[in-house]
Every structure is written in structure tokens, then in C-alpha cells.
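# Got a predicted structure plus its sequence, pasted below:
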Amino acid sequence: MNDQLVRVNRDRLWDTLMRLAQIGSCHDAATGLPGVRRLALTDEDAQARRQVIAWMREAGLVVRIDRIGNVYGRRAGTGEDLPCVLMGSHIDSVATGGAFDGTLGVLGAIEVVRTLNDYGAATLKPIEVGFFTEEEGVRFGTDMLGSAVTAGRLTLDYAHKLTDDTGASVADELVRTGFDGPEHERRPIPFAYIECHIEQGPILAAAGVDVGIVIGVQSISWQRLELRGAAGHAGTTPIEHRQDAGLAAAAVIVEIRRMCESGQFGELRGTVGRLAFEPAQTNVIPAGATMTVDMRVPDDDAMTAAEAHLAEFVAGLARGYGVTGSLERMAKTRVVRFSRDVQALLAATADDLGLPYVKAMSGAGHDAQEIAAICPTAMVFVAGEHGGVSHTPREYSNPTACGNGVDLLANAILRLANQPEGSFLGGS
Ligand code: GLV
Ligand code: MN
Ligand code: MN
């Protein structure tokens, strides 16, 4: 097939997205909306995995699973020994998720394969669809886990030993859910990777476009902070004698906000998303507080400075509050810049499709930032509604925007899959 443009089946794509959203569907108390709760390697995730694998097989893909539970489906090329062209994302969700985060990239990729089948389009290179384990990091504490193992940034052993709040390990949960792939299972050796993903932010909507081309992903730092003070009676302990870990936690939260607003750390965004006091009783001064700190900034030096400042502030809590603190690393990724060649190919393809686009840096983390270490990579963003909110059931992208994004994915993948070996044509 030469340079004919293909169009995906938008109704089929939408129907598949809505069907997957039924798995793990739950009532979200905060919004009153039906949301998606499909934490990695839970029963809901396993059920969704089986459904997606069934769709992969129906589309003619040959499925394999690796040792970290990443799933790949392969469509043969005429040059079977050539490296594959890979697309995909994740199907796990946060506890209060929507229907699009990750799933658009995976189900969109399956729709691309279905579309190529409809067109009878053979390709030179094989095409693979992948979905990666625990992209969200919500259950086991490290984001982009499966793709980081594939890319070699994290070892399989490290990943297997991570545990959730109940002590269940990744290794055990892979076995329990039946997604511990065989020892020999090979990693993909991609020629290139493209991930389509809902933007999860306001840039595309503000520009009035359905699609974006992603230039990279900002640095992400996740730390766990444990604060230790002393318990005491709420009514009798004089204020000046307290070692209140709760108060110190509040000071940390306020300081993180101040750091973000100070301009000292570039465009830093900081979030304390989890906080637990101990012993957590109305009339007892908190002896302990455990919290997570999520910091993001599109500049590695700014991240280094922000982490150093936070560490210094935590050390100073002993002086100000009589509380000691220790920071533990959960995850950290540096700024990633995507392939200019793949971006150029996407831009030329968008032009050919008549799709206006903007270029944007990603505020969210993505499997693509890991896969970028092993092959030329870029991403397609699809506009979300309601200001692009995500990680809430209010996350929504309309069928037209999703169809346009997956059309761009389909045609870019088709071009990559038919480029002669050794060449990399960025433009059209
Ligand atoms: C992944 O969704 C992230 O936290 O950016
Ligand atoms: Mn995602
Ligand atoms: Mn997410």
C-alpha cells in the first residue's frame, strides 16, 4: 500500500472505549458520576486485560505476555525480520479515573489494526500493540512500572518486589491474576513507538484543536515523607510543649505551594495527594504523619533544586516543630524529549489529514517517556473537555476528537511501517 490515507471506524472505536469503561465502573462519591477504578493487577484490571486480549485476537494479533505483565499483540509484516512499529499505552487507572486515560492509546491502537485489516493493508514491518503494567503507580507506588522494566530503567527484580498497602507484591499479583508471562518472552525491538493519549490538560482546548503533537514529558519526582513527633493528650498538653506531626505535615504542604508560586523552581507543580496521621484519633496529638509528595517541572536542574530545598525544609522541622522527617524515593524520571523525526512525521501526517494541531510538552507521565529510551518515540494528544480535567470521572473526550487522534495515529503508523529499512522519513 503506498501513500493512501486511511480513516478509522469512529463508531467502533467509541463503542470499544465505552465497553471497556464498564469494567471497574464505580460510583465516585466526590463527583456523583460513574468513574473507572481499575488499579493495576486487581481483579478488575485482570478482567479488562482479558477483554482487551480478546479484542486483540479478534483483530488477528498474536498475543504474548512478558514477565512484568506487559501484553503485546503482533501483526506480521512482509519483512518479518524487521523491527516492529509499536503503539500502545495502559489500561490500569487511578482509583477515581475516567474512561480515556491510557485506554485511548490501547483501544485506538487496536482500532488502527482493525482499520488496516478492513483496507486489506499489508505492511513491510510488523506492527505491535502493547499495554504496560501499572502505568499509574497508584497501587504499587512507582509509575510507568511495566514500560520502565521494558526500557531497562528499572530491573524486573525491583519491580517484582514492590508491594501495595496490604503487602501484596507485584510478583504475587502477576501470578494470582495469570499475567506472569514466561521467562523466555522477548521484549519488542521497535523501529519506533507512537502513543495516543488524552491530553489531561487545557492546552489543546484553549487552542481550539482536537490533536496535539507531544514534544516531551517533564521531570517527575515522587517521594514518601514520614514525620515523627510525639503523641499526647489534646486537652492537657500545652501548645508550646507539643511535637505535633500533623502541624508539621501542614507546614510541608504550605511550603510546597509556596515553592510553586515562588518562581525559584521554574514552572514547578507540587502535590500532596496522600496524608495519613497516626494514631488518628480526635483527642490525640498526631505522633506520626505519612504523606506523598509529587513534584513535576520541565527542567532537570529546577527539579534538583526543588528536591534539595524540600529536604532542607524537612530537616528544619526538628527546630521549628520538634518533629523529625525522612524522605524516601518512590519514583523519579528526568525530562524526556521525544524524537524530532517522529514529531515531523506526525506533523506532516496531520497536515495531509487536514488536522490542525499544536505542539505541547506533557504535564502527565506516560509509558512513551520510557519507551523513548529504546526507539524513536513521540505522542499524539487528544483534547479533553471540561478544561481537560483528568484523574476524575469528569475526564471526557468527544468521539470526533478521539477519531481524529486515532486517524493521525493510524496514518503515521502506516507510514512508519512501510518506510524502507534503514531510512527514517520525518516529513512526507
Ligand atoms: C500519570 O497519570 C501521571 O501521574 O502523570
Ligand atoms: Mn495515562
Ligand atoms: Mn493517569
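Okay, I see it. Ligands and ions are numbered 1, 2, ... in the order given.

# give me the low-pLDDT residue ranges for the stretch 301-428 of the chain?
By pLDDT under 70, the weakly predicted segments of the stretch 301-428 of the chain are 422, 424-428.

# Helices of that one, start to end?
340-353, 367-371, 399-418 (DSSP state H, counting those that start in this stretch).

# go on, the chain?
10-21, 43-58, 103-119, 145-151, 156-161, 170-177, 203-207, 245-262, 300-321, 340-353, 367-371, 399-418 (DSSP state H).

# So the closest residue to ligand 1 within the stretch 151-300 of the chain versus S390, what's the distance?
Among the residues of the stretch 151-300 of the chain, I220 lies closest to ligand 1, at 6.7 Å counting by C-beta to the nearest ligand atom. All C-beta spots, glycine's among them, are computed from the backbone N, C-alpha and C. Distance from I220 to S390, counting by C-beta to C-beta, to the nearest Å: 15 Å.

# most tightly surrounded among the helices of the stretch 301-428 of the chain?
helix 367-371 (a mean of 29; mean count of other C-beta atoms under 10 Å).

# From the chain's centroid, how far away is it?
With C-alpha atoms, centre = their mean, to the nearest Å as the basis, helix 367-371 stands 9 Å off its chain's centre.

# does that helix come close to ligand 2?
No - Helix 367-371 does not reach ligand 2 (C-beta under 5 Å from the ion); its nearest approach is 7.8 Å.

# can you list contacts of that helix?
Here helix 367-371 makes contact (C-beta atoms under 8 Å, 6 or more residues apart in numbering) with 86, 88-90, 132, 135, 144, 146-148, 150-151, 153, 190, 193-195, 197, 214, 216-217, 333, 336, 338, 362, 377-379.

# just the buried members of those residues?
Using 16 or more other C-beta atoms under 10 Å as the burial test, the contacts of helix 367-371 include 86, 88-90, 132, 135, 144, 146-148, 150-151, 190, 193-195, 197, 214, 216-217, 333, 336, 338, 362, 377-379 as buried.

# Show me these that map onto strands.
Counted as lying in strands by DSSP state E, out of these, are 86, 88-89, 190, 193-195, 197, 214, 216-217, 333, 336, 362, 377-379.

# Where does the prediction get shaky in this structure?
1-2, 186, 422, 424-428.

# near ligand 2, which residues of it show up?
The chain has residues D101, G102 near ligand 2, with proximity defined as C-beta under 5 Å from the ion.

# Need the residue closest to the centroid of the chain.
Closest to where the C-alpha atoms of the chain average out (C-alpha atoms, centre = their mean) is H366, at 3.8 Å.

# Contacts only, for D143.
By C-beta under 8 Å, 6+ apart, the contact set of D143 is E134, E135, E136, G137, I220, W222, A331, G365.

# who does the residue in the stretch 151-300 of the chain positioned nearest to ligand 2 bridge with?
Relative to ligand 2, the nearest point of the stretch 151-300 of the chain is H197 (5.8 Å; C-beta to the ion). Per DSSP bridges, the residues bridged to H197 are F381.

# Touching, it and G88? I think so.
No - taking contacts as C-beta atoms under 8 Å, H197 lies outside contact range of G88: 10.3 Å.

# Now do the shared contacts for those two.
Residues touching both H197 and G88 (C-beta under 8 Å, 6+ apart): G105.

# for the residue lying closest to C375 once chain neighbours are set aside, what are its contacts?
Leaving aside its sequence neighbours, C375 sits nearest to P190 (C-beta to C-beta, 6 or more residues apart in numbering; 4.2 Å). For P190, the contact set (C-beta under 8 Å, 6+ apart) comprises P83, C84, V85, L86, E128, I371, I374, C375.

# Pipe those residues into a markdown table and attach distance to L227 per row.
Converted to a markdown table, the contacts of P190 look like this (distance: C-beta to C-beta, whole Å):
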| residue | distance to L227 |
| --- | --- |
| P83 | 49 |
| C84 | 48 |
| V85 | 48 |
| L86 | 43 |
| E128 | 46 |
| I371 | 37 |
| I374 | 39 |
| C375 | 42 |
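
# Closest to ligand 2 out of those?
Distances from ligand 2 to the contacts of P190, taken as C-beta to the ion, are shortest for I371 (13.4 Å).
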